[in-house]
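>>> Here is my input; please provide its structure:
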Amino acid sequence: MSSAMSVSQTARQPQMVSLSKENRTSKFMSAKPANSSGQERGQSAARISTEDKVTYRNFHYGSLHHRVLNTYRLMHTYQTVEFVKGKISDWASCSQAQMTVMEALQALDQIVDESDPDVDFPNSFHAYQTAEEIRKVYPGLDWLQLVGLLHDVGKILSLWGEPQWCVVGDTYPVGCRFQDSIVYRDSTFSDNPDLKDPRYSSLYGMYEPNCGLDKVLMSWGHDEYLYNVLKTNGCKLPQEGLYMIRFHSFYPWHTEGDYMHLCSSKDLNMLRWVKEFNKFDLYTKCNDLPDLKELQPYYQQLIEKYCPGKLYW
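Residues are numbered from 1 along each chain as shown. The predicted structure follows:
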């Protein structure tokens, strides 16, 4: 894999580190997502009208439609069980580079998400837009603000030679029937070989009922990659934050209510947090771009608290 950035390289594979109970503060343990009206913690993240909400995630027309459709067509053609297992093998060691979280965030200046029908500006701005809105609504949950900031950092894969169709976009399980809730399900999967493979074409495919999402292979992308980076480096985010990062692009689940037959009780308990995060991830996208340099000192202290130093990527 070739790097598009001047970052130090390493062949070292760090040990997997699990989160301990000591990493979870008493303030966090008592926290709950704001209710749908936002009254519990001030204004809702989606401080826009219902009419305005429907303008988001428009996959049928618009100036970016052809770019978005092409990205998903490639994704839905080539993302197979075999492909995903190969990508996990390629990236699991986190041996591509060493860099700080802030350095990785700054790399997002070079990335415009080709699957996003809502924006056409670098991903770094979206990171701060998300984090700042969370900061307004949840001023006491600094870990949640940091999740908002770094949730898309895994898109750095596209600077290391990965095509965007296996980095960005909505995620979904492979190894079982592709559900109708997946974007462009009716028009972009016809050339995917898993579609007609009897091992993967039934409702459960290669999975057991309620096996848990941690046992499900998701289409490969920035969510799973960043989740693995944070776990491998022993970052101190709570499991709710890690769930948000790992499944924030799983729209067929958290927005459409699909794939519940694969979920464990833990997944269902975490779903409310992922749904809450989605409001900030989606409805903060706008052309009112924040001053990144002005905000960096505040978020640097959060990085030092939860993900300090140079990480293995």
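>>> use CA for all of it now, contacts and neighbours both
Noted.
>>> so who does the closest residue in space to Leu150 that isn't next to it in sequence touch?
Nearest residue to Leu150, sequence neighbours excluded (C-alpha to C-alpha, 6 or more residues apart in numbering): Ala127, at 6.4 Å. Ala127 is in contact with Gly148, Leu149, Leu150, His151, Asp152, counting by C-alpha atoms under 8 Å, 6 or more residues apart in numbering.
>>> One more pass at 10 Å, please.
Ala127 is in contact with 105, 108, 146-153, 281, 284-285, 290, 292, counting by C-alpha atoms under 10 Å, 6 or more residues apart in numbering.
>>> Mind telling me what element it is part of?
Secondary structure from DSSP states H and E places Ala127 in helix 123-137.
>>> before we move on, what about His76?
helix 65-78.
>>> who does that helix touch, helix- and strand-wise?
helix 185-188 (3 or more C-alpha pairs under 10 Å, 6 or more residues apart in numbering; DSSP states H and E).
>>> Assign a three-state SS to Pro209, would you?
Per DSSP: H, G, I helix; E, B strand; the rest coil, the local secondary structure of Pro209 is coil.
>>> count of residues packed around it?
The local packing of Pro209 (other C-alpha atoms under 10 Å) involves 14 other residues.
>>> Could you pull out the buried residues of the helix holding His76?
The neighbour-count check on helix 65-78 (16 or more other C-alpha atoms under 10 Å) flags His65, Val68, Leu69, Thr71, Tyr72, Arg73, Leu74, Met75, His76, Thr77, Tyr78 as buried.
>>> Least confident of these?
pLDDT is lowest at His65 among these; the value there is 78.
>>> what comes up buried for the helix holding Ala127?
Neighbour count says helix 123-137 has 123-135, 137 buried, by 16+ other C-alpha under 10 Å.
>>> min pLDDT across these, which one?
Within the buried residues of helix 123-137, lowest confidence goes to Asn123 (69).
>>> on that earlier part again, buried subset of the contacts of Ala127?
105, 108, 146-153, 281, 284-285.
>>> Out of those residues, which sit inside helices?
Cross-referencing those against helices under DSSP state H gives Leu105, Leu146, Val147, Gly148, Leu149, Leu150, Asp281.
>>> which residues does the second one contact?
Leu146 makes contact with 127-128, 130-132, 134-135, 237, 241, 299-303, 306-307 under the criterion C-alpha under 10 Å, 6+ apart.
>>> Skipping its backbone neighbours, what lies nearest the most centrally placed residue in the chain in space?
By C-alpha atoms, centre = their mean, the chain has its centre lying nearest to Asp223, at 3.7 Å. Leaving aside its sequence neighbours, Asp223 sits nearest to Arg246 (C-alpha to C-alpha, 6+ apart; 4.7 Å).
>>> got a pLDDT number for Arg47?
pLDDT, Arg47: 53.
>>> Which stretches in the chain count as helices?
Counting by DSSP H, the helices of the chain are 26-29, 50-53, 65-78, 81-91, 101-107, 123-137, 142-150, 185-188, 222-232, 239-247, 251-254, 265-283, 292-306.
>>> that older thread, what is the neighbour count of the residue nearest to Asp223?
23.
>>> can you check Pro308 too?
18.
>>> check contacts around it.
Thr100, Val101, Met102, Asn233, Gly234, Cys235, Lys236, Gln300, Gln301, Leu302.
>>> Quick one: buried ones out of the residues you listed?
Thr100, Val101, Met102, Asn233, Gly234, Cys235, Lys236, Leu302.
>>> a markdown table for those, including distance to Leu159 and pLDDT?
Below are these laid out as a markdown table (distance: C-alpha to C-alpha, whole Å; pLDDT from 0 to 100):
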| residue | distance to Leu159 | pLDDT |
| --- | --- | --- |
| Thr100 | 16 | 98 |
| Val101 | 15 | 97 |
| Met102 | 16 | 96 |
| Asn233 | 21 | 98 |
| Gly234 | 24 | 97 |
| Cys235 | 23 | 97 |
| Lys236 | 26 | 97 |
| Leu302 | 25 | 98 |
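>>> how about the residues you listed in CSV, adding distance to Cys176?
CSV is the format used below for those (distance: C-alpha to C-alpha, whole Å):
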residue, distance to Cys176
Thr100, 37
Val101, 35
Met102, 37
Asn233, 31
Gly234, 32
Cys235, 32
Lys236, 33
Leu302, 39
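>>> Among these, which one sits closest to Asp142?
Nearest to Asp142 among the buried ones among the contacts of Pro308 is Leu302, at 7.0 Å by C-alpha to C-alpha.
>>> Roughly how far does that closest one sit from Ala131?
Leu302 sits 11 Å away from Ala131, taking C-alpha to C-alpha, to the nearest Å as the criterion.
>>> Overlap of the contact sets of those two?
Joint contacts of Leu302 and Ala131 (C-alpha under 10 Å, 6+ apart) are Asp142, Gln145, Leu146.
>>> Dump these to a markdown table, plus distance to Trp273 and pLDDT.
A markdown table is the format used below for those (distance: C-alpha to C-alpha, whole Å; pLDDT from 0 to 100):
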| residue | distance to Trp273 | pLDDT |
| --- | --- | --- |
| Asp142 | 15 | 98 |
| Gln145 | 13 | 98 |
| Leu146 | 15 | 98 |
